[in-house]
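1. Test case, fold it:
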Amino acid sequence: MFRLWGKMWKHNRLIKDTVIADDSEDTRTHKVFHALEEICYQFDLENPIWLDSNIADFKRHARTRFSRDSFIEQIDFDYLEIQVIEED
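-> Numbering: from 1, shown residues only. Below you'll find the model as predicted:
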């Protein structure tokens, strides 16, 4: 089982969160991208752009934060954080 936790933060407060579970046989990368797409769909957001800092943080800690720089449209929160909470 693979689970990814998505959290939306504003003024140091958690305003939305969700957990996406994936039982498929896909690669870890595909599971992360599919889960992020589902999180953005549930939060009514566009998909963020993965910057080099996001990739490095995710490789190192299995979590990253997408700030205003990662979104093309204006956002009404401080950042979107994703974190792997369970892996096979």
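2. Just the mean pLDDT for the helix or strand that contains residue 59, thanks.
-> Using DSSP states H and E, residue 59 sits in helix 52-61. Mean pLDDT, helix 52-61: 96.
3. Number the chain from 58, please
-> Shifting the count to begin at 58 puts that one at helix 109-118.
4. Quick one: list the elements packing against that helix.
-> strand 120-123 (3 or more C-beta pairs under 8 Å, 6 or more residues apart in numbering; DSSP states H and E). In short, each C-beta sits where N, CA and C put it, glycine included.
5. Pairing partners for the strand it packs on, with directions?
-> Using DSSP bridges, strand 120-123 pairs in its sheet with strand 136-143 (antiparallel).
6. Would you mark the buried spots in the lengthiest helix in the chain?
-> Ordering each helix of the chain by length in residues (DSSP state H) puts helix 85-99 first. Of the residues in helix 85-99, 88, 89, 91, 92, 93, 95, 96, 97 count as buried by neighbour count, 16 or more other C-beta atoms under 10 Å.
7. Show me what that helix is in contact with.
-> Helix 85-99 has contacts (C-beta atoms under 8 Å, 6 or more residues apart in numbering) with 59, 61, 63, 75, 77, 79, 81, 83, 102-105, 115, 137, 139, 141, 144.
8. try 6 Å this time
-> For helix 85-99, contacts defined as C-beta atoms under 6 Å, 6 or more residues apart in numbering pick out 59, 61, 63, 75, 77, 79, 104.
9. what's the closest of those to residue 130?
-> Closest approach between the contacts of helix 85-99 and residue 130, by C-beta to C-beta: residue 104, at 10.9 Å.
10. Look at the closest one and give its secondary structure.
-> Using DSSP: H, G, I helix; E, B strand; the rest coil, the secondary structure recorded for residue 104 is coil.
11. Out of the contacts of helix 85-99, who's the most crowded?
-> For those, neighbours were counted using other C-beta atoms under 10 Å, and residue 61 has the most, 24 neighbours in all.
12. can you state the direction angle for the helix or strand hosting it and strand 136-143?
-> Using DSSP H and E, residue 61 falls within strand 59-67. Put simply, strand 59-67 runs at 160 degrees to strand 136-143, going by axes from the mean of the first three to the mean of the last three C-alpha atoms, to 10 degrees.
13. Many thanks, have a good one.
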